[in-house]
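>>> After the sequence you'll find the predicted model.
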Amino acid sequence: MWIHYPDRVEESEDSLLKQERRLHSSPLADRVKMLRLLKSGRYRSQAQLAPVLGHSDRTLRRWWQSYQQHGLSGLLADPGHGGRHERITPAARQALETAMKAGQIATLEEMRGFLHQQFGIDYQGVSNLSRWCKRHRIKLKTGRPRHAKASDEAQSAFKK
């Protein structure tokens, strides 16, 4: 059974084209383009249109179902991201950044201990904590290491 898409798509081709141009650099533009091309009647099915748009037939079916249920606004709504929520709360992050600026935390192991002691947040190893820091663009700032036998007098004499 064929769906007669020109009748099922409520928006006009011109309004879809304007919306597509407005979203041209966004990944959502392909969704509007799918509606526009189906409305035009150039493609009779989503299976014919899928290779043209560079998406799978399944993806186009999912987009079409979203359009049918929620309209254009539902099709363009942000789907959000799956996965677990972060263990580090905004309050813990703020306290962590404050402690890092104060010089209390210099290593990932110290960060792990701080989170466990202050907030009860447990990380098994520092690798996950390292990934969290990279994801949030947090860099551990540490001073240059000093040799155990270095003396301040000798260094100041050398600088003169």
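Great, that's in hand. In this text, all values refer to a predicted model and were calculated from it rather than measured experimentally.
>>> how about the CA coordinates for the helix or strand of the chain with the lowest mean pLDDT, as CSV?
Within the chain, no helix or strand scores below helix 152-159, which has a mean of 86 by mean pLDDT, DSSP states H and E. Extracted C-alpha coordinates of helix 152-159, given in CSV (Å, rounded to 0.1, in the frame of the first residue of the first chain):
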residue,chain,number,x,y,z
ASP,A,152,66.8,28.5,46.7
GLU,A,153,70.1,30.3,47.4
ALA,A,154,72.0,28.5,44.6
GLN,A,155,69.1,29.3,42.2
SER,A,156,69.0,33.0,43.1
ALA,A,157,72.8,33.2,42.7
PHE,A,158,72.6,31.6,39.3
LYS,A,159,69.9,34.1,38.1
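>>> can you give me the offset of that helix from its chain's centre?
50 Å (Cα atoms, centre = their mean, to the nearest Å).
>>> quick one, longest helix in this structure?
helix 57-75 (DSSP state H).
>>> Report the buried residues of the helix or strand following that one.
Downstream of helix 57-75, the first helix or strand assigned by DSSP states H and E is helix 90-101. Of all the residues in helix 90-101, those buried under the rule 16 or more other Cβ atoms under 10 Å are 92, 93, 95, 96, 100. Just so you know, the C-beta spots here come from the backbone N, C-alpha and C atoms, and that holds for glycine as well.
>>> what do you get for stretch 69-82?
By neighbour count on 16+ other Cβ under 10 Å, the buried set for stretch 69-82 is 72, 75, 76.
>>> got a list of contacts for it?
Identification of contacts with stretch 69-82 by Cβ atoms under 8 Å, 6 or more residues apart in numbering yields 10, 11, 19, 23, 28, 31, 32, 35, 63, 66, 67.
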